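*Asks:* take a look and give me a structure for this.
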Amino acid sequence: MELDLLTLGLLALAALLAGFIDAIAGGGGLITVPALLATGMPPAMALATNKLQSCFGTFSASLYYLRRGLIDWRTMKWAMACTFIGSMLGTLLVQRIDASVLQKVLPFLLAAFALYFLFSPRVGDEDRQRRLGIVPFALLVGIGVGFYDGFFGPGTGSFFALGFIALAGFSMAKATAHTKLLNFTSNFASLLFFMLGGQVAWVVGLSMALGQFVGARLGSKMVVTRGTRIIRPMLVTVSLVMSVRLLWQQYPAWFAWVG
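*Replies:* The predicted structure is shown next:
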């Protein structure tokens, strides 16, 4: 689809903000998907185009973290492979079955994650004892969360971060860095299948990709310089915002009654 230059510029700015937030705590899709839908783009095309621009943001953040020594490739190769496989399987399955059950359960899971990040004494600036080995972690978190990202998507960053902190014993900054690496892997795998279906709006996606790349770089720099002081409140806030937004979509009568 064709959009005017002003609209493309506004989408790029939205992507910049989303990339900044996503590099710190995930949840950038809360900004970019509604922005794409607001242009009149069909939902499938909006999701596909969002995957394209998200790939640039997660790649930018991953590259920054890698250069700063926060990502260990040796421990991540199995998790990346499993995440890729899981995302492919999820993308294939979502085209065949209804994902409405996840839509109803997810807001409560995200609220629980927010409480975990807020109150858990294990979440900090230092690594702790690892609870799962590299291969079991890859099979459980890589395939599990990768599958979820290809199948549904919202809150993927929170799932990955929780896995790294609770099961791999990573510090918050290290967990954030590795989350972006696996998120890039799952985004890329999902994008491949959207490309095969001809759903990607390339001009729009690449315009937003520039904003994503810059925003992700700024956000990841903030993680390196400020660490837990910014990551913990951002994770809690983003998880709660996603939870409320999904609740509003699924249970509008509740909000109408409160209003």
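*Asks:* residue 145 and residue 185, how far apart?
*Replies:* Residue 145 sits 10 Å away from residue 185, going by C-beta to C-beta, to the nearest Å. All C-beta spots, glycine's among them, are computed from the backbone N, C-alpha and C.
*Asks:* same check on residue 139?
*Replies:* In terms of C-beta to C-beta, residue 139 sits 15 Å off from residue 185.
*Asks:* and what of residue 146?
*Replies:* When distance is defined by C-beta to C-beta, residue 146 is 7 Å away from residue 185.
*Asks:* who's more crowded, these two?
*Replies:* residue 146 (33 against 26; other C-beta atoms under 10 Å).
*Asks:* and that one, what element?
*Replies:* Taking DSSP states H and E as the criterion, the element that holds residue 146 is helix 144-151.
*Asks:* and that helix, what does it pack against?
*Replies:* Judged by 3 or more C-beta pairs under 8 Å, 6 or more residues apart in numbering; DSSP states H and E, the packing partners of helix 144-151 are helix 73-94, helix 156-166, helix 172-196.
*Asks:* that one to helix 172-196, inter-axis angle?
*Replies:* Interaxial angle, helix 144-151 versus helix 172-196 (axes from the mean of the first three to the mean of the last three C-alpha atoms, to 10 degrees): 40 degrees.
*Asks:* which residues sit against helix 144-151?
*Replies:* Helix 144-151 is contacted by residues 82-94, 99, 102, 156, 159-160, 163, 182-183, 185-187, 189-190, 193 when judged by C-beta atoms under 8 Å, 6 or more residues apart in numbering.
*Asks:* can you do 7 Å?
*Replies:* For helix 144-151, contacts defined as C-beta atoms under 7 Å, 6 or more residues apart in numbering pick out 82-91, 93-94, 99, 156, 159-160, 163, 186, 189-190.
*Asks:* give me the pLDDT for the nearest residue to residue 200 once chain neighbours are set aside.
*Replies:* What sits nearest to residue 200 in space, not counting adjacent residues and going by C-beta to C-beta, 6 or more residues apart in numbering, is residue 48, at 4.7 Å. You'll see residue 48 listed with a pLDDT of 85.
*Asks:* where's residue 48 relative to residue 225, distance?
*Replies:* According to C-beta to C-beta, residue 48 stands 34 Å off from residue 225.
*Asks:* quick one: contacts for the spatially most central residue of the chain?
*Replies:* Centrality entry for the chain: nearest residue to the mean C-alpha point is residue 157, 4.1 Å, by C-alpha atoms, centre = their mean. By C-beta under 7 Å, 6+ apart, the residues touching residue 157 are 22, 25-27, 179, 183.
*Asks:* could these go into a markdown table alongside neighbour count, distance to residue 214 and pLDDT?
*Replies:* Shown next, in a markdown table, are these (neighbours: other C-beta atoms under 10 Å; distance: C-beta to C-beta, whole Å; pLDDT from 0 to 100):
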| residue | neighbour count | distance to residue 214 | pLDDT |
| --- | --- | --- | --- |
| 22 | 30 | 12 | 86 |
| 25 | 25 | 18 | 78 |
| 26 | 27 | 18 | 79 |
| 27 | 24 | 18 | 78 |
| 179 | 30 | 20 | 94 |
| 183 | 31 | 18 | 95 |
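*Asks:* and the helices in this protein?
*Replies:* Taking DSSP state H as the criterion, the chain contains helices spanning 5-25, 29-38, 43-67, 73-94, 100-119, 134-137, 144-151, 156-166, 172-196, 202-226, 228-250, 252-258.
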